[in-house]
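>>> no letters, just coordinates:
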């Protein structure tokens, strides 16, 4: 996944509470075998309203979503994170998130920022007219009006996002250590490395 150090731009001042994953991406979109194109189904029911924020000229393609409390509740579908990514969203700010959604978002390179409700309300007000900026390295959210909010993030998640490391990337980064271990294990336990021997076959 791509490294994420900062996200800056217009933010969708959504703010709705208890948005579940079925709202983020309806079940009928889960039959796909690819992540591409899921953005078309993101928030489908809400986007049926021609005046919705997601398709407005002002906010379409915004990289930040400001949501309400308990964002991403409901089922554990990873498609919710895929749909947000395909919609162009790289970070979500909310007072709280479902644990499963937050984990899925992290594994797909989306930054989830938890801030107090008062800070979220202020950011929603600013986002209606001006951009905001998220600095992951310094763990801050700022506005053009000198607002500065700090947020906490798990150090491991921060490291992975800053360096663009998903689970495959983390494994590949340990390639040398894995190779060394396998070589040492083969030398210490050569019988584990035998090939071509079928079950029940015995050596002479």
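Happy to help now that I have it. None of the values given here were measured: they were computed from a predicted structure.
>>> C-alpha from now on. contacts and neighbour counts both.
Fine.
>>> helices along this protein, start to end?
Counting by DSSP state H, the chain has helices at residues 21-24, 44-47, 79-87, 99-107, 117-127, 155-163, 167-173, 175-188.
>>> which of those helices is buried the deepest?
helix 79-87 (a mean of 25; mean count of other C-alpha atoms under 10 Å).
>>> from the contact counts, what lies against that helix?
helix 21-24, helix 99-107 (3 or more C-alpha pairs under 8 Å, 6 or more residues apart in numbering; DSSP states H and E).
>>> hmm, who's touching stretch 142-155?
113-115, 119, 123, 126, 130-134, 139-141 (C-alpha atoms under 8 Å, 6 or more residues apart in numbering).
>>> how about a cut-off of 6 Å?
132-133, 139-141 (C-alpha atoms under 6 Å, 6 or more residues apart in numbering).
>>> lowest average confidence, helix or strand, in this protein?
helix 167-173 (a mean of 61; mean pLDDT, DSSP states H and E).
>>> hmm, back to that, of the helices and strands packed on helix 79-87, which approaches residue 187 most closely?
Among the helices and strands packed on helix 79-87, the nearest to residue 187 by C-alpha to C-alpha is helix 99-107 (35.8 Å).
>>> what pLDDT, on average, does that closest one get?
For helix 99-107, mean pLDDT rounds to 96.
>>> from the chain's centroid, how far away is that helix?
Relative to its parent chain, helix 99-107 has a centroid offset of 6 Å by C-alpha atoms, centre = their mean, to the nearest Å.
>>> over to stretch 134-147?
Worked out by C-alpha atoms, centre = their mean, stretch 134-147 lies 19 Å from the chain centre.
>>> now it: buried residues?
Using 16 or more other C-alpha atoms under 10 Å as the test for burial, stretch 134-147 gives 134, 136, 139-143.
>>> and the furthest pair within the residues you listed?
136 and 143 (14.7 Å).
>>> re the thing from before, quick one: the helices of the chain as a markdown table, columns for distance to residue 66 too.
Compiled in a markdown table, the helices of the chain are given as follows (distance: least, C-alpha to C-alpha, whole Å):
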| stretch | distance to residue 66 |
| --- | --- |
| helix 21-24 | 14 |
| helix 44-47 | 15 |
| helix 79-87 | 12 |
| helix 99-107 | 14 |
| helix 117-127 | 7 |
| helix 155-163 | 19 |
| helix 167-173 | 27 |
| helix 175-188 | 38 |
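>>> for residue 59, which of those is the nearest?
Comparing the helices of the chain by C-alpha to C-alpha, helix 117-127 comes nearest, at 9.5 Å.
>>> now do the closest one: which elements does it pack against?
Counting contacts by 3 or more C-alpha pairs under 6 Å, 6 or more residues apart in numbering; DSSP states H and E, helix 117-127 packs against strand 11-13.
>>> tell me which strands the strand it packs on pairs with, and in which orientation.
Here strand 11-13 is paired, per DSSP bridges, with strand 64-66 (parallel).
>>> ok so, going back, with distance to residue 43 added, can I get the helices and strands packed on helix 79-87 in CSV?
Formatted as CSV, those follow (distance: least, C-alpha to C-alpha, whole Å):
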stretch, distance to residue 43
helix 21-24, 5
helix 99-107, 15
